[in-house]
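S.K.: fold the following for me, if possible:
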Amino acid sequence: MTESINPPITDLARGHTVSRYDQELAKLRGIILEMGEHVVEQIQAAVSALVSREENLAFRVLDREPQVDFLALDADEEVFRVIARRQPTAIDLRIVLALSKIAGDVERAGDKAARIARQSIELDALGGGEDLLSPRLRAALSTLDACACCMFERGISGVARFDVRIALDIFEREPALYEASHAVRALLSDAEQEGLSARQTVCVLTSAHALERIGNHAANIAEQVIYVAEGQDVRFRNREILIETLRHRTL
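M.R.: Below you'll find the model as predicted:
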């Protein structure tokens, strides 16, 4: 008989004696979900600024960056409060520790969005208002953005339910992320052909690397989703074997 995968955890607190405990866990996850929503908006705005030369969007990303930072501080404070007051064990401790790590990855993804915005502003300044990106380079960056942003959005969806299926979907998207990132680097390998100076090339490469790292943060989040749902630390497991094993359990 095939072992079935654990169902998604839609309710963080399943009948705790202290109802306040339930509220604290739910509040912590709520803060992180709010952070995630902000970061998705930041990523989309930053990349639009880069590929569409909308400088106002880049400055808006930088203006809104503190919102994510403040939410990260709120999440840290809530983690400390839950541990100090409740001294969680077993599944509850897994949830608290996982949410703490997830908050860190969400905050760092927000930093990457701000980095892209800064590179966009510098690229615009270096170009003197001219459109520096060729159509094929713009298309390659848009493809990379679609991969990274989709993975990150899926990661936040996974946190909402601690759904292993969503986590596996993120893992399965990693090859497309790396392929898209490689495509951008391949185009930039001949900066002269793309009509970019060395400094302009660095701006684009830095942005592409930031997008790839956003996808990496999404994969880190997926690992924590599995940790909560399955009780397994899969951070250093072979991806292909892990996907095959857990997919088999969903049948």
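
S.K.: from residue 47, how far out is the residue nearest to residue 126 when sequence neighbours are not counted?
M.R.: Closest residue to residue 126 apart from its sequence neighbours, by Cβ to Cβ, 6 or more residues apart in numbering: residue 200 at 5.3 Å. C-beta here means a position set from N, CA and C on the backbone, and glycine is covered the same way. According to Cβ to Cβ, to the nearest Å, residue 200 and residue 47 sit 17 Å apart.

S.K.: which residues touch residue 31?
M.R.: Residue 31 makes contact with 71, 74-75, 78, 103, according to Cβ atoms under 8 Å, 6 or more residues apart in numbering.

S.K.: may I have stretch 204-212 as CSV, with CA atoms only?
M.R.: The C-alpha coordinates for stretch 204-212 follow below in CSV (Å, rounded to 0.1, in the frame of the first residue of the first chain):
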residue,chain,number,x,y,z
VAL,A,204,22.3,43.9,-16.1
LEU,A,205,24.3,41.0,-14.7
THR,A,206,23.8,42.1,-11.2
SER,A,207,20.0,42.3,-11.8
ALA,A,208,20.0,38.9,-13.4
HIS,A,209,21.8,37.4,-10.5
ALA,A,210,19.4,39.0,-8.1
LEU,A,211,16.5,37.4,-10.0
GLU,A,212,18.1,34.0,-9.8
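
S.K.: just to revisit the earlier point, of residue 200 and residue 47, give the one with the bigger neighbour count.
M.R.: Taking other Cβ atoms under 10 Å, residue 200 and residue 47 do not tie; residue 47 has more neighbours (27 against 20).

S.K.: so what does the helix or strand hosting the residue nearest to residue 126 touch, helix or strand wise?
M.R.: Using DSSP states H and E, residue 200 maps to helix 198-230. On a contact count with 3 or more Cβ pairs under 8 Å, 6 or more residues apart in numbering; DSSP states H and E, helix 198-230 meets helix 19-52, helix 90-127, helix 135-161, helix 164-188, helix 191-194.

S.K.: in stretch 79-90, what counts as buried?
M.R.: 79, 82, 86, 88 (16 or more other Cβ atoms under 10 Å).

S.K.: quick one, phi psi at the last one?
M.R.: Backbone geometry at residue 88, expressed as degrees, to the nearest 10, gives phi -70, psi 150.

S.K.: how near is it to residue 76?
M.R.: For residue 88, the distance to residue 76 - Cβ to Cβ - is 16 Å.

S.K.: again with the second one
M.R.: As defined by Cβ to Cβ, residue 82 lies at a distance of 11 Å from residue 76.

S.K.: for residue 194, give me its contacts.
M.R.: Contacts of residue 194 (Cβ under 8 Å, 6+ apart): 134, 137, 187-188, 201.

S.K.: and with 10 Å instead?
M.R.: By Cβ atoms under 10 Å, 6 or more residues apart in numbering, the contact list for residue 194 reads 132-134, 136-137, 187-188, 200-201, 204.

S.K.: out of the contacts of residue 31, who's nearest residue 213?
M.R.: residue 103 (16.7 Å; Cβ to Cβ).

S.K.: related to what we said a few turns ago, now the two most distant members of the contacts of residue 31.
M.R.: Among the contacts of residue 31, 71 and 78 lie farthest apart (Cβ to Cβ), at 10.3 Å.

S.K.: chain center to stretch 60-70, what's the gap?
M.R.: Computed by Cα atoms, centre = their mean, to the nearest Å, the chain-centroid distance of stretch 60-70 equals 16 Å.

S.K.: give me the buried positions along it.
M.R.: Neighbour-count burial for stretch 60-70 [16+ other Cβ under 10 Å]: 60-61, 64-65, 67-68.

S.K.: repeat that for stretch 196-209.
M.R.: Here stretch 196-209 shows 196, 200-209 as buried, counting by 16+ other Cβ under 10 Å.
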